[in-house]
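Below are the sequence and a predicted model for it; my questions follow.
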Amino acid sequence: MGIIAFGLMTLYLSGSVIFDLFGMRAKQGNYVMFVIIANFICGFLYLIGGYKLLTRNLQAKKIFGYALLILLLTFIAFLIYVQMGGVHKTDTFKALGVRTTTTTIAYITTFYTLTINKKSSKKDI
């Protein structure tokens, strides 16, 4: 499942910066640590949410909702950080946008798959 792979990739990349694996901090340059930490947390949520989605557990919707909330709050905090003159990479905007879009798609897909399809299958019985 794609969101689980995305979660594993997120944990690897953000964990490499947080724990400075393979000299990743120096390679990343002007990273913003609170964005990296938010990504790391979301990586775990992607794994848990992906598992819950595979097992058709309705909690998957909540988990992806929490990840989306974390990313939206992080995006707002990042905008404030940039406005205050914080040092950053311009790629961070793009990366947050891609991650937020991916999480929104996961949330909507989960909502549709577990809520709407469940209601329509009950009508068929």
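Done, it's in.

residues touching residue 71, list them.
38, 42, 96, 99, 100, 103 (C-beta atoms under 8 Å, 6 or more residues apart in numbering). C-betas here are computed from N, CA, C, even on glycine.

Please identify the helix or strand for the most centrally placed residue in the chain.
In the chain, the C-alpha closest to the average C-alpha coordinate belongs to residue 42, at a distance of 4.3 Å (C-alpha atoms, centre = their mean). Here residue 42, judged by DSSP states H and E, is contained in helix 33-54.

what about residue 75, how many neighbours?
For residue 75, the neighbour count with other C-beta atoms under 10 Å is 18.

per-residue confidence at it?
In the predicted model, residue 75 carries a pLDDT score of 97.

Go through the one helix or strand it maps to and flag the buried ones.
Assigned by DSSP H and E, residue 75 belongs to helix 59-83. Buried positions in helix 59-83, judged by neighbour count with 16 or more other C-beta atoms under 10 Å: 60-61, 63-68, 70-71, 74-75, 78, 81.

The helix or strand harbouring residue 105 to helix 59-83, inter-axis angle?
Under the criterion of DSSP H and E, residue 105 resides in helix 91-111. If you take axes from the mean of the first three to the mean of the last three C-alpha atoms, to 10 degrees, helix 91-111 sits at 160 degrees to helix 59-83.

Residues touching helix 91-111, excluding its own?
So helix 91-111 is contacted by 3, 6, 10, 31-32, 35, 39, 42, 46, 49, 53, 60-61, 64-65, 67-68, 71-72, 74-75, 78 (C-beta under 8 Å, 6+ apart).
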